[in-house]
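> next come a sequence and a model predicted from it.
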Amino acid sequence: MGLRTLLLLASLIVVMLFALTASYIAAGTLTSKVCSHMKKSVTAPGSGPQKEGPDWTPSYLVVSYTWLSSGLRVDITVQRPNPCYRVALAGYRASGKTLIVELTAKGPAPGTYCIEVVPPPFKSTVFFTVDKGEYTLLVVVNGKLVKKIPVTP
């Protein structure tokens, strides 16, 4: 093998190791000790308690629904920009012909360093025990209406 081939191969291995490490950090599965004699460990961003950051509105939010014999199933998918962004189901309720799903979405605290990878999306499924009929499904994030969907059988 020539020198160029060896350099190319070495560069490829370094890039692959970096990508593998980044994926483990993003998943929160990589932890390391600060020193072998210390008990404190350093965890990846998004895997431990963090300061609350500002509210943010997801730009990619998909809502689908399926009628079941016992009611309505609603599936929600939100893609986060990076692992430091949080999304959680705050609650859901039915009020007459209006179905409401509430989410909270928080960004990272100011000054937080975060790896720039695409994390797995937030997914949630909720069930409404309602009779088949026409409803309006509202998706609210941080108190703001972000989607209004007509639901029909």
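That came in fine, so what should we check first?
> who does the most centrally placed residue in the chain form a beta bridge with?
Among the residues of the chain, the one closest to the centroid is F122, at 3.5 Å (CA atoms, centre = their mean). Beta bridges link F122 to V78 when assigned by DSSP bridges.
> that one contacts Y85, correct?
No - contact criterion CB atoms under 8 Å: F122 and Y85 do not qualify, at 9.0 Å. C-beta: built from backbone N, CA, C; applies to glycine.
> separation between the residue nearest to the centre of the chain and T152?
26 Å (CB to CB, to the nearest Å).
> so what touches stretch 132-152?
55, 57-58, 61, 63, 65, 67, 72, 74, 76, 97-105, 153 (CB atoms under 8 Å, 6 or more residues apart in numbering).
> tell me the mean pLDDT for the helix or strand containing I13?
Per DSSP states H and E, I13 falls inside helix 3-27. The average of the pLDDT scores along helix 3-27 is 65.
> so which strand or helix has G111?
With DSSP H and E as criterion, G111 is part of no helix or strand.
> tell me, how many neighbours does it end up with?
For G111, the tally of surrounding residues (other CB atoms under 10 Å) stands at 7.
> V117: neighbour count?
For V117, using other CB under 10 Å, the count is 14.
> that one contacts P83, correct?
Yes - with contacts counted by CB under 8 Å, V117 reaches P83, the gap being 7.0 Å.
> good, we can wrap up now.
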